[in-house]
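Peer 1: give me a 3D structure for the following:
(3 chains)
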Amino acid sequence: MASFGFKKAIIAVLAAAVIAPSGYFAGTGLLADGREIIFATTTSTQDTGLLDVLVPIFQKQTGYFVKVIAVGSGQAMALGERGEADVLLVHSPDAEKKFVDGGFGVNRRIVMHNDFVILGPAADPAKIRGLKSASLAFKSIARSNALFMSRGDRSGTHVKELKLWQESGAGPEKGKWYQETGLGMGHTLNVSSEKQAYTISDRSTYLSLKKNLQLSVLLEGDPALFNVYHIIEVNPDKWKSVNAEGARAFSNFFVSRDTQKIIGDFGREKFGTPLFYPDAVK
Amino acid sequence: MGRILEAHGLRADRRAMPVLRVGEFYLDEGEFLSLVGPNGSGKTTLILALLRLIPLREGTVLFRGKEIGRISPAHRYRRSFAAVFQDALLLNTTVYENVAEGLRIRRTGRRETDLAVMKNLERFGISHLKSRNAARLSGGESQRVSLARAFALSPEILFLDEPFAALDAPTKETVIRDFETALKESPAAVIMATHDMGEALRLSRRVAVMREGSILQTGVPEELMRRPADEFAAAFFGYETILSGIVSGTFDGSFTVSVNGRTVEIAGEAGAGSLVTFSISPENIMLSGGPVGTVSARNTFQGRIERIILAGFYYRVRVDCGFPLVSYITGHSMELMKLREGGEIYATFKSTAVHVLQVR
Amino acid sequence: MDLMANGFAEALRLFASADREIVDITILSLKVSGGATLISAVFGVAAGAALALNSFPGKRVIVGIVNTGMGLPPVVVGLWVTLFIWRSGPAGQLGLLYTPTAIVVAQVIIALPIITGISLAAIQNIPEKLRFQILALGAGRVRYLMLLVREARLPLLAGIMAGFGGALSEVGASIMVGGNIRGYTRVLTTATVMETGRGNFETAIALGLILLTVAFVINYGLTAIQQRIRS
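Peer 2: Now for the predicted structure:
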């Protein structure tokens, strides 16, 4: 008797192994059929939850399937350079220009902005509260050897941070007080809070994580802290496999009047202030 | 009575075992052959080679004249056989399934399988264990399952490798009896490996003595016991009196051998000056308080009792009369003769009771 | 302390309300890791048995590779699979990157050596004499293998459990080849990482608890089967 049950079990396992790859994950063919878009973006847009609102609307309107890959701006553009993504939403203007000039991206359009804030422990050991310029604040942090957490991941925020160090004349040969997490914005904020370190963050991510953080906004409002997001379509002339049509549709969706209104309203209810300011429709 | 199994020029090896070299081997229809020899003499290797379970370096095995394992796969031939090993080697399932497995492999019908299984469980007195997991049986029960599994297949040849060696004495006796009954009811040719001479003598029609991978001697039990091929065989058969000496005189039909300065007369012929090794079985050595002057027993030696050992129903007496001799006597004779260690004694044996093992 | 308590409370709430998204993520995790385990079990047990029962030149090397593979870091697997199935990679035509199938592929690479290695040991541990006995019963090749697998079923099941554990708990490969796409390739582990990054520690803790519960229930079930087989 036992041997018959055993035989059946083996047959079932074999059958399952054969069936599994086909139709096991309902509604997803193995071959790319032009109906899916790979969308590489920054962690800040995913971690705030903005994309969870926008992407389903787009999918419902157009029938496209959007694969959101949340990485840093640097990695997003690296994917674009290899044709592994179709459309990018990034916030690293200098790198973006290089990307487009290099012929990797086309139709770069502004979507929205917010700003970066410099955060740190309320005690503010480096005494940056009240300073007017971000680069001065960085210089002060360096001089006081106060702990500073960097993303260290070539993300838009990291690139911005490096630019500020350059302007301050304090970097980049830094000491023990300067540490890199190599993680996304949310994780870096958590680490900074735990270690009571200074750091720089986009305001939107900071606001959405604020309730768990023991960090204060110590410096804001410097025009140098302006944080702008552009959407860029990956150049289909470079890579045949890129879904140019879908990328264009998705890009158009982002700068459309309705979408821009949703962006402007996003977070207003929860945080009392919008997380992003739409820029595409003036 | 034809040959059911033959082997020619076998050579095989298994790691850490002596190389098997068996020139000629045969088994007759319905015959019971025992392979005897100490551990490591190649009995198991020979059985594995005959079953074609280990690769042969050289040689062929023929079943009813057809070569096993060349033309068609060996497992088809193996379905005419059954094997029982020293450890019962049961599968981790119920007793019933264990006995049924071989039949399932043979694609025997369900009813027929059930019948054969039940019959053989009954034969070996283990019907009540049929739903028990085979991993939870005693040694005796396990070996009964293994034997039932073998008999359920109605094999033409039954291979047994030390099937009773792991059992304690009382269990062994009952298992052997059940086995004998089963074999009588369902006859098969049998090849049994054992290191127990008693088992071999009791069960088999023919015995092959193995040593270091080779067959030393083959024969019917009585003849083998009477005439061991050499010193090794004699020792293995239980001969304790094995002596050697130089031929000192030759006569018509007999000769004398000088052993440690004493002269022993032996029936037969041997050239003067040659080295002779011989044995005397214990029941042929008579012990007495004084010299015995009979004509036919000219070998009488005075000696001292070295050691008296109780060996079951009799005593083993070791005598030093210039050379060692071992004799068996009953407890009754012991008392009658008032034997004690260190005491004086006379040992007598006939010249015809001496078995010459080797002349060099 | 507060956070942990809230985490448990949130976990209970998510359980109780059968939150649609969480349920979907859990089901996807089970489908992906279960599928990967099933495939790995079929090939792993077969490969383990083949390695255990045959000797051939280069066997040592292969066994060495299998044993090394038992400890493959998921991120390394993720990286290599990504390189392979990129649009511009050798298998780019299949369009596998950022799909559940890609995660299955990566998890098979993680689970397969684990199951193969444990199967190899399990089959090898069957005494040579028992193998002889099975052959002496007249078993042909297929029956022989089936009986060996049945004989070694307890350690084999343990190997499959270990493979499933490795697949279910890995995050590095899932996030790289799956992309943590909402409603598509977001599994329990990648969702946990993401929720932690978002600062939603309660949800992260809840997801972690669900992961543990799922692993526990499945292993408990398999152990129960083991016990039943044993008796």
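
Peer 1: residues contacting the closest residue to residue B:63 other than its chain neighbours?
Peer 2: Nearest in space to residue B:63, with sequence neighbours left out and distances taken as C-beta to C-beta, 6 or more residues apart in numbering or on different chains, is residue B:77 at 5.4 Å. The C-beta positions use only the backbone N, C-alpha and C, and glycine is treated the same way. Residue B:77 makes contact with B:52, B:63, B:66, B:68-69, according to C-beta atoms under 8 Å, 6 or more residues apart in numbering or on different chains.

Peer 1: can I assume residue B:77 sits in a helix?
Peer 2: Yes: under DSSP: H, G, I helix; E, B strand; the rest coil, residue B:77 falls within a helix.

Peer 1: and it, what's its pLDDT?
Peer 2: At residue B:77, the model reports a pLDDT of 89.

Peer 1: and for residue A:186?
Peer 2: Predicted confidence (pLDDT) at residue A:186: the value is 87.

Peer 1: next, count neighbours for the closest residue to it other than its chain neighbours.
Peer 2: Closest residue to residue A:186 apart from its sequence neighbours, by C-beta to C-beta, 6+ apart: residue C:197 at 3.5 Å. Around residue C:197 there are 23 other residues, counting by other C-beta atoms under 10 Å in any protein chain shown.

Peer 1: what do you get for residue C:76?
Peer 2: 14.

Peer 1: shaky segments in chain A?
Peer 2: Residue ranges of chain A with pLDDT under 70: A:1-24, A:26-33, A:171-173, A:282.

Peer 1: so what does the spatially most central residue of it have for phi and psi?
Peer 2: Compute the mean C-alpha point of chain A, and by C-alpha atoms, centre = their mean the closest residue is residue A:42, 1.3 Å away. Note on residue A:42: its backbone torsions stand at phi -90, psi 160 [degrees, to the nearest 10].

Peer 1: buried sites along stretch A:237-244?
Peer 2: Within stretch A:237-244, the residues that count as buried by 16 or more other C-beta atoms under 10 Å in any protein chain shown are A:238-239, A:242-244.

Peer 1: farthest pair in those?
Peer 2: The largest separation in those, counting by C-beta to C-beta, is between A:238 and A:243 at 13.4 Å.

Peer 1: next, residue B:161: phi, psi?
Peer 2: According to degrees, to the nearest 10, residue B:161 has phi -110, psi 100.

Peer 1: show me what it bridges to in the sheet.
Peer 2: residue B:193 (DSSP bridges).

Peer 1: what about it, neighbour count?
Peer 2: For residue B:161, using other C-beta under 10 Å, the count is 24.

Peer 1: kindly report the same for residue B:175.
Peer 2: 21.

Peer 1: please name the residues that touch it.
Peer 2: Going by C-beta under 8 Å, 6+ apart, residue B:175 touches B:124, B:140, B:143-144, B:147, B:164, B:167.

Peer 1: how about 6 Å then?
Peer 2: Neighbour list for residue B:175: empty [criterion: C-beta atoms under 6 Å, 6 or more residues apart in numbering or on different chains].

Peer 1: give the rounded mean pLDDT of the helix or strand encompassing it.
Peer 2: In this structure, residue B:175 sits in helix B:169-185 according to DSSP states H and E. Confidence for helix B:169-185, expressed as mean pLDDT, is 94.

Peer 1: partners of the longest strand belonging to chain B in the sheet?
Peer 2: Longest strand in chain B by number of residues (criterion: DSSP state E): strand B:299-311. Strand B:299-311 sits in its sheet next to strand B:314-320 (antiparallel), strand B:344-349 (antiparallel), going by DSSP bridges.
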